[in-house]
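Colleague: Next comes the sequence, and after it the predicted model I'd like to discuss.
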Amino acid sequence: MTQRTGPLWPVLFFCSALFWQGQALGRQSSPVISIIIDDMGKTMEDGRRVLRLPGPVACAFLPRAPHTGELATEAHGRGKEVMLHLPMDSVDGRRLDAGAVTLNMTHKEFARVVEANLAAVPYVQGINNHMGSLLTRHPGHMLWLMEELQRHPRMFFVDSRTTVATVARRVAYENGVPSTDRNVFLDNQLETADIEYQFDRLLRLARKYGSAVAIGHPHPQTLALLERRLPSLRGKGVRLLPVAELIRLQQEDEQTWQASWSPSRKAAKN
């Protein structure tokens with residue numbers, strides 16, 4: 001019996017485009033990175049320390065945290081990207097932060113919560129998932145999320161990749177939502193040596209593939225390392241970019257790949 005292979009093409013095309021992205025970006029004059037600090041809005045002191053970090057470090061705010069509104073407004077005033085850190089269902093059943101989207105929601109409920117969360121974060125420019133190891137593996141719910149992002153055409157999505165089974169980035173790609181993946185978690189381990197290792201790994205990945213994205217949290221150890229290491233990036237030949245700018249560069253290289261991959265009319269005819 002002949003198998004139908006048509007549905008595999010979007011996946012193969014997506015994977016091939018990601019591979020080309022790394023290869024093409026790797027030929028740039030200097031590697032680029034983006035850094036996102038999650039869990040913003042819980043405390044004012046830690047939040048303001050993040051806002052003082054040098055360069056365009058992105059700030060991802062929990063939608064119902066007590067200081068989200070004030071800190072997001074300050075972040076925008078300091079030229080930092082503002083993101084919604086959207087709580088999502090996880091496989092381990094951990095308690096969810098307020099404003100979470102869950103697997104048992106209807107489409108209408110899901111859309112209402114996402115829109116309310118976006119409205120709660122001033123100057124929001126993008127979304128990444130908070131937890132979500134359960135929800136990000138469900139294509140239907142990720143499609144609902146991308147439909148909401150399509151209502152805000154200049155908004156981007158970052159897949160935090162809290163599970164290897166995530167389909168979030170692929171669904172974003174298939175629906176034309178500007179997107180990228182997290183490559184490194186800076187502070188899953190809070191020992192200074194471990195955070196230092198992950199920061200160095202971020203730079204190695206950027207040099208190898210042209211770009212890399214890291215996520216950290218407003219822990220004192222993480223912020224101390226970033227305060228010390230970020231000013232030295234220029235001397236190491238690495239550029240720190242806003243997330244939206246890094247995604248734009250990746251998309252340009254993806255379009256270059258598509259143009260080179262697509263056969264000419266003459267070749268296709270032959």
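Modeller: Received, thanks. Numbers count the residues shown, from 1 in each chain.
Colleague: for stretch 55-71, the distance to its chain's centre please.
Modeller: 15 Å (CA atoms, centre = their mean, to the nearest Å).
Colleague: Sketch out the strands for this protein, chain order is fine.
Modeller: 32-40, 58-61, 82-88, 126-131, 156-159, 179-181, 184-185, 211-216, 239-240 (DSSP state E).
Colleague: and the nearest residue to Leu226 once chain neighbours are set aside, how many residues sit next to it?
Modeller: Sequence neighbours aside, Leu53 is the residue nearest to Leu226 in space, at 5.5 Å (criterion: CB to CB, 6 or more residues apart in numbering). For glycine as for every other residue, the C-beta is placed from the backbone atoms N, C-alpha and C. Using other CB atoms under 10 Å, Leu53 has 19 neighbouring residues.
Colleague: my guess is Leu53 contacts Ala224, does it?
Modeller: No. Between Leu53 and Ala224 there is no contact under CB atoms under 8 Å: 10.8 Å.
Colleague: Please determine how far the nearest residue to Glu70 once chain neighbours are set aside is located from Pro56.
Modeller: Excluding the flanking residues, the one nearest Glu70 by CB to CB, 6+ apart is Met44, at 7.5 Å. To Pro56, Met44 is 22 Å away according to CB to CB, to the nearest Å.
Colleague: now Ser232
Modeller: From Ser232 to Pro56 the distance is 16 Å (CB to CB).
Colleague: Which of the strands of the chain sits closest to Arg49?
Modeller: strand 32-40 (9.9 Å; CB to CB).
Colleague: Neighbour count for Met44 and Pro56, which is higher?
Modeller: Higher neighbour count among Met44 and Pro56: Pro56, with 19 against 13, using other CB under 10 Å.
Colleague: Contacts only, for the more buried one.
Modeller: Going by CB atoms under 8 Å, 6 or more residues apart in numbering, Pro56 touches Ser34, Gly79, Lys80, Glu81, Leu240, Leu241, Pro242, Glu245.
Colleague: Next, count neighbours for the last one.
Modeller: Think Glu245. Counted with other CB under 10 Å, Glu245 comes out at 14.
Colleague: just the third one next, same as before
Modeller: In terms of burial, Lys80 registers 24 neighbours under the definition other CB under 10 Å.
Colleague: what about it, distance to Val57?
Modeller: Lys80 is 6 Å from Val57, by CB to CB.
Colleague: Same check on the second one?
Modeller: Here Gly79 is placed at a distance of 10 Å from Val57 (CB to CB).
Colleague: ok, the two, which is more surrounded?
Modeller: Val57 (24 against 10).
Colleague: Quick check: the more buried one touching Ile33?
Modeller: No. With contact defined as CB under 8 Å, Val57 does not count as touching Ile33 (10.4 Å).
Colleague: pLDDT below threshold where in the stretch 51-200 of the chain?
Modeller: Judged by pLDDT under 70, the stretch 51-200 of the chain has no weakly predicted residues.
Colleague: got the residue ranges for the helices in it?
Modeller: Taking DSSP state H, counting those that start in this stretch, the helices of the stretch 51-200 of the chain run over residues 68-77, 107-120, 139-150, 168-174, 192-209.
Colleague: can you list contacts of the last one?
Modeller: By CB under 8 Å, 6+ apart, the residues outside helix 192-209 that reach it are 21-23, 25-26, 31-33, 35, 183-189, 212, 214, 216, 221-222, 224-226, 229, 236, 238.
Colleague: now with 6 Å?
Modeller: Identification of contacts with helix 192-209 by CB atoms under 6 Å, 6 or more residues apart in numbering yields 22, 26, 31, 33, 183-184, 186-187, 212, 214, 221-222, 225, 229, 238.
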